[in-house]
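Return a 3D structure for these sequence lines:
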Amino acid sequence: MKHELIMSGLLILGNPMMAHAQQTKTTTAGSISTESCSTENILTKMEGLLQDSIQAMKEKLRQDSIQWEKQLSAVTIKGPRSQFRQKNGGIVARISGTSLEKEPTATEVLAKLPGMFKNKDGKPQAFIGGAPEIYINERKVQDYSVVENLPVTQIKEVKVIHHPGAEYGNNVGCVLLITTKKNLQGLAIVENSGFLFDSFVSNNHDLDLTYTRGKITYYAKLGYANWQGKWKEQDITTNYVSGSNTGSNAGDNATSYISSSTTDCKHSYNDHFYWSAGADLALTEKQTIGVKYNGYNIHQPMPFKMTSYAMTNDHVDDNVTGDNKFLYYDWQHHVNAFYQGNYGEKWKLNFFGDFVKLHTEQAQFVDEISEQEARNKFTLLPQSDGTIWGAKTRANYTINDKQTWMMGAEYNYVKSESRTDYTPADKGTSTHSITKENHSAVFAEYSLDFKPFSLRVGLRYEHVDSRLDYLKDETGRTGIGSSENGNSEIGTTGTGAAS
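Next up is the predicted model:
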């Protein structure tokens with residue numbers, strides 16, 4: 001019986017024990033050496049073998065786990081990724097790698113964002129809030145041509161804020177925050193040209209240069225656009241009736257005025273030159289400074305001929321013929337400097353400074369001949385000059401992954417000088433006025449993001465101090481003199497808003 005139990009145990013343990021058991025058999029019939037096959041000895045050997053088996057099994061499992069991880073690392077799991085997500089009171093639209101990246105222009109991309117459409121001028125507009133205020137990499141866009149010339153393939157994502165917080169002015173109904181991809185090292189040259197033939201002929205050309213070397217990036221742009229009227233004249237006729245009785249029951253004193261004007265489209269055009277240059281320098285991985293200059297020049301003459309006459313009871317009272325011309329001229333220079341830096345994992349600081357100088361002219365040259373009166377020839381020249389100094393600072397503090405705190409301040413000084421001159425001076429009264437405005441604001445905002453909802457509580461206070469001076473002497477000529485030569489109006493406004 002003892003022999004059978006031992007053999008059962010040996011069979012369960014497998015061949016190694018069987019081989020050992022064969023060596024411990026004696027030549028005595030039906031007997032087994034008690035020295036080698038005692039119960040205590042066998043149990044000890046069984047425990048050792050069990051431990052070896054367990055260690056071998058653990059090692060095999062470890063090797064299998066390593067092999068399994070290697071196989072998993074080579075597996076790519078593909079699935080649909082959400083193109084839109086909510087973040088801090090706005091909708092973030094991913095552009096890179098989506099169907100929107102295939103749109104021809106950045107304008108088309110913005111017009112297809114949630115709550116946006118393209119208005120009659122071909123620019124993006126919000127269904128609620130009107131024209132958006134656009135930022136590229138946290139820098140405000142001063143001229144929409146910057147957006148028009150932005151390659152779609154460089155747009156990473158766009159955040160749409162339909163209800164802007166305290167950081168933005170009370171008149172801002174929508175904000176678009178565009179984030180671009182990082183510039184690659186080396187030189188990039190992009191040339192765009194376009195031609196359009198319709199009721200007019202237009203063409204545009206622009207050349208973009210970007211050069212990145214190490215931590216500094218240089219960029220420049222030079223562009224030209226031209227609009228040319230149809231290669232034929234265009235007639236515009238205006239009829240209206242005035243008198244004691246008008247309409248179908250017009251009396252004997254009713255007078256009809258008929259005016260016809262012909263636009264000389266062969267010499268009506270629009271020339272638009274624009275340019276920009278700048279540089280960005282990464283001081284560290286978390287701090288960047290930069291400066292940018294851009295400007296443009298627009299020249300648009302519009303000559304036309306005019307014929308008009310007045311009739312009373314089918315009798316022609318007077319004939320007037322004129323050879324007139326409108327002229328629009330506009331230029332602007334804008335310099336922007338910025339600093340962006342992250343301090344630790346919580347703080348982020350932004351500073352922006354702007355200087356803008358602009359000039360606008362809208363001249364009208366009139367040369368009219370009347371049968372009843374002498375020749376009327378004069379030049380009307382309204383023009384304005386503007387100067388803007390601005391600065392803005394903003395600090396963001398991340399409380400945790402769901403809560404943020406933002407505070408900041410901004411200041412703008414605006415000077416606008418407008419004047420209207422007549423040549424010769426006796427054809428009208430010249431005017432001259434100067435407007436100065438100091439605009440300051442402070443704002444703060446707390447945001448809590450608990451998906452799928454978010455909460456923002458903000459406060460903004462604005463203070464506007466403006467002064468308007470009318471400068472004019474008794475001869476009708478313009479000139480800057482003491483306050484006794486004109487009138488002055490001073491106004492101060494303070495507004496506060498909570499969001």
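
quick one: the helices in the chain?
Along the chain, counting by DSSP state H, helices occupy 2-13, 15-23, 39-73, 106-111, 145-148.

avg pLDDT for stretch 220-235?
The average pLDDT within stretch 220-235 is 73.

er, stretch 82-97 I mean
In this model, stretch 82-97 carries a mean pLDDT of 85.

now swap in stretch 413-431 and tell me
Across stretch 413-431, pLDDT averages out at 86.

what does stretch 357-370 give?
86.

Run a quick neighbour tally on E345.
7 (other Cβ atoms under 10 Å). Just so you know, the C-beta spots here come from the backbone N, C-alpha and C atoms, and that holds for glycine as well.

measure it to R139 for me?
Computed as Cβ to Cβ, to the nearest Å, the E345 to R139 distance reads 24 Å.

Equivalent analysis for V356, please.
Counting by Cβ to Cβ - V356 and R139 are separated by 14 Å.

which intervals of the stretch 251-400 of the chain have sub-threshold pLDDT?
251-267, 304, 306-318 (pLDDT under 70).

ok, now with 50
251 (pLDDT under 50).

how far away is A441 from A166?
From A441 to A166 the distance is 9 Å (Cβ to Cβ).

Now do the shared contacts for the two.
Shared contacts of A441 and A166 (Cβ atoms under 8 Å, 6 or more residues apart in numbering): R460.

ranges for the strands of the stretch 151-300 of the chain?
For the stretch 151-300 of the chain, strands defined by DSSP state E, counting those that start in this stretch occupy the ranges 155-161, 175-180, 186-197, 201-213, 216-228, 234-242, 255-263, 269-282, 287-312.

Take these and write them to JSON lines, including distance to I369.
Converted to JSON lines, the strands of the stretch 151-300 of the chain look like this (distance: least, Cβ to Cβ, whole Å):
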{"stretch": "strand 155-161", "distance to I369": "58"}
{"stretch": "strand 175-180", "distance to I369": "53"}
{"stretch": "strand 186-197", "distance to I369": "38"}
{"stretch": "strand 201-213", "distance to I369": "33"}
{"stretch": "strand 216-228", "distance to I369": "30"}
{"stretch": "strand 234-242", "distance to I369": "19"}
{"stretch": "strand 255-263", "distance to I369": "15"}
{"stretch": "strand 269-282", "distance to I369": "27"}
{"stretch": "strand 287-312", "distance to I369": "10"}
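
what's the closest of those strands to V335?
Comparison of the strands of the stretch 151-300 of the chain against V335 by Cβ to Cβ identifies strand 287-312 as nearest, at 5.1 Å.

Can I get stretch 208-226 in PDB, CA atoms only?
Output in PDB follows, covering the C-alpha atoms of stretch 208-226 (Å, rounded to 0.1, in the frame of the first residue of the first chain):
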ATOM      1  CA  ASP A 208       5.200  85.600 -48.900                       C
ATOM      2  CA  LEU A 209       8.700  84.900 -47.500                       C
ATOM      3  CA  THR A 210       9.300  83.000 -44.300                       C
ATOM      4  CA  TYR A 211      12.800  82.100 -43.000                       C
ATOM      5  CA  THR A 212      13.400  80.300 -39.700                       C
ATOM      6  CA  ARG A 213      16.800  79.700 -38.300                       C
ATOM      7  CA  GLY A 214      17.200  78.400 -34.800                       C
ATOM      8  CA  LYS A 215      15.000  80.400 -32.400                       C
ATOM      9  CA  ILE A 216      14.300  83.300 -34.700                       C
ATOM     10  CA  THR A 217      11.800  83.600 -37.600                       C
ATOM     11  CA  TYR A 218      11.700  86.300 -40.200                       C
ATOM     12  CA  TYR A 219       8.700  86.900 -42.500                       C
ATOM     13  CA  ALA A 220       7.800  89.400 -45.200                       C
ATOM     14  CA  LYS A 221       5.000  90.000 -47.700                       C
ATOM     15  CA  LEU A 222       4.600  92.100 -50.800                       C
ATOM     16  CA  GLY A 223       1.400  92.300 -52.700                       C
ATOM     17  CA  TYR A 224      -0.500  94.200 -55.400                       C
ATOM     18  CA  ALA A 225      -4.200  94.100 -56.400                       C
ATOM     19  CA  ASN A 226      -5.900  95.900 -59.200                       C
END
